[in-house]
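Peer 1: Need a 3D model of the following:
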Amino acid sequence: MKKTISSNNAPQPIGPYSQAVLVGNMLYTSGQIAINPSTGDLEMDTIEIETKLVMENIEGLLNEVGMDFSNVIKCSIFISDMSNFSRINEVYGKYFTDNFPARETVEVACLPKNVNVEISAIAVK
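Peer 2: As a prediction, the model looks like this:
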């Protein structure tokens, strides 16, 4: 059974997709970018601020279904410049303490709204 998940603690979709989808006990988030869900504004002053907001948006979706980062089993990270990898990784790493999820990080030519980082997650209860 597929259930569309919507949260005020993550930005509203900017296209024809759901913020997240719950199938059984598995949550699949759409890629999150640094849009502040309260204002709808991008926050891209530094890559650290941008990454932190992306992670907070993922957290909002996880919390909507009673999960947290300990439930995350897989992340996909898309970045516009691999030279930002270590700075993104430092912020990302603060959200996981052990039992880290699987992950790939891919440099891409362009991301929505010309952001520098986009992250999606898969989590399980």
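
Peer 1: hey, let's count contacts and neighbours off CA atoms from now on
Peer 2: Will do.

Peer 1: which residues of this structure fall in strands?
Peer 2: For the chain, applying DSSP state E gives strands covering 2-5, 20-23, 26-29, 72-79, 102-107, 117-124.

Peer 1: Make TSV from those and add distance to Val91 and mean pLDDT to it.
Peer 2: Putting those into TSV (distance: least, CA to CA, whole Å; pLDDT from 0 to 100) gives the following:
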stretch	distance to Val91	mean pLDDT
strand 2-5	25	97
strand 20-23	22	98
strand 26-29	19	98
strand 72-79	13	98
strand 102-107	14	98
strand 117-124	12	98
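
Peer 1: Rebuild those as JSON lines, extending it with mean neighbour count.
Peer 2: Formatted as JSON lines, the strands of the chain follow (neighbours: other CA atoms under 10 Å):
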{"stretch": "strand 2-5", "mean neighbour count": "13"}
{"stretch": "strand 20-23", "mean neighbour count": "18"}
{"stretch": "strand 26-29", "mean neighbour count": "22"}
{"stretch": "strand 72-79", "mean neighbour count": "19"}
{"stretch": "strand 102-107", "mean neighbour count": "13"}
{"stretch": "strand 117-124", "mean neighbour count": "22"}
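
Peer 1: which one of these lies closest to Glu64?
Peer 2: strand 2-5 (7.7 Å; CA to CA).

Peer 1: What strands line up against that closest one, and which way round?
Peer 2: Strand pairing for strand 2-5, determined by DSSP bridges: strand 20-23 (antiparallel).

Peer 1: which other residues reach the partner strand?
Peer 2: 1-6, 27-30, 61 (CA atoms under 8 Å, 6 or more residues apart in numbering).

Peer 1: and stretch 48-66, what's its mean pLDDT?
Peer 2: On average, the pLDDT along stretch 48-66 is 98.

Peer 1: One more: stretch 89-100?
Peer 2: pLDDT averaged over stretch 89-100 gives 95.
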